[in-house]
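Chemist: build the 3D model from these lines:
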Amino acid sequence: MPIFSAARFCRFNHALNRPKRPRSQLKSIENGLSEVLGAEKLSRLADITRLQRRWPEIVGPMLASSTQPITIETHCLLIAVNHSTVAQQIRFLQQEIRDACFRKCKVGGISRLRTRVQPDIAVATPKQKIRPAKVPLHEKKKIVSELAEIEDRKLKRAIFDARVAQEAFNS
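Modeler: Residues are numbered from 1 along each chain as shown. Model prediction:
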């Protein structure tokens, strides 16, 4: 019995003679997005992303907790604020904010700032962990000597921890 039948041989031979498709060319994601969005829109998107990432450095942590840059439209930066008094403060600091945007993020061409009040804006700011002051060893020894007459170990430990925390807070 032959290894290849005539029908199988024709299919196999046809597969060998088939024209090969060209290899696909990889493109950077930036080129692909610029084809879809357009170069100008992609540039504005990159600018607003840089501003959002470094916003606390630009306006400071206090103002950054109640504001957020939204978009850049024809030389105008739109900023969401959570209260009208914050919008007024943004207007007073307009020139400094524009200068900081250029210095920190190299985003130029912003000629004016516009604000939009959005009371529900909740901007997550990194919270600084409050570290209590360290209680010196001699203070801890003093607390232990005061608690020497308590016999219950769990109670003694709880009172000791509370007193050490109180000393750290008062320091």
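Chemist: got a pLDDT number for the most centrally placed residue in the chain?
Modeler: Nearest to the geometric centre of the chain sits Arg53, at 5.7 Å (Cα atoms, centre = their mean). With respect to pLDDT, Arg53 has a value of 90.
Chemist: now swap in the one 3 residues further on and tell me
Modeler: pLDDT for Pro56: 90.
Chemist: tally of neighbours for it?
Modeler: 16 (other Cβ atoms under 10 Å). Glycine gets a C-beta too; all of them are placed from N, C-alpha and C.
Chemist: for Leu77, same thing?
Modeler: Neighbour count for Leu77, taken as other Cβ under 10 Å: 25.
Chemist: which strands or helices does the longest helix seen in the chain pack on?
Modeler: Secondary structure of the chain read by DSSP state H shows that its longest helix is helix 153-170. Counting contacts by 3 or more Cβ pairs under 8 Å, 6 or more residues apart in numbering; DSSP states H and E, helix 153-170 packs against helix 137-146.
Chemist: return the set of buried residues in the helix it packs on.
Modeler: Ile143 (16 or more other Cβ atoms under 10 Å).
Chemist: angle of that helix against helix 153-170?
Modeler: 140 degrees (axes from the mean of the first three to the mean of the last three Cα atoms, to 10 degrees).
Chemist: ok so, going back, identify the residues contacting the longest helix of the chain?
Modeler: Pro132, Ala133, Lys134, Val135, Glu139, Lys140, Ile143, Val144, Leu147, Ile150 (Cβ atoms under 8 Å, 6 or more residues apart in numbering).
Chemist: go again with 10 Å.
Modeler: Residues outside helix 153-170 that contact it (Cβ atoms under 10 Å, 6 or more residues apart in numbering) are 130-136, 139-140, 142-144, 146-150, 152.
Chemist: next one: it to chain centre, how far?
Modeler: Relative to its parent chain, helix 153-170 has a centroid offset of 38 Å by Cα atoms, centre = their mean, to the nearest Å.
Chemist: fine, thanks again, bye for now.
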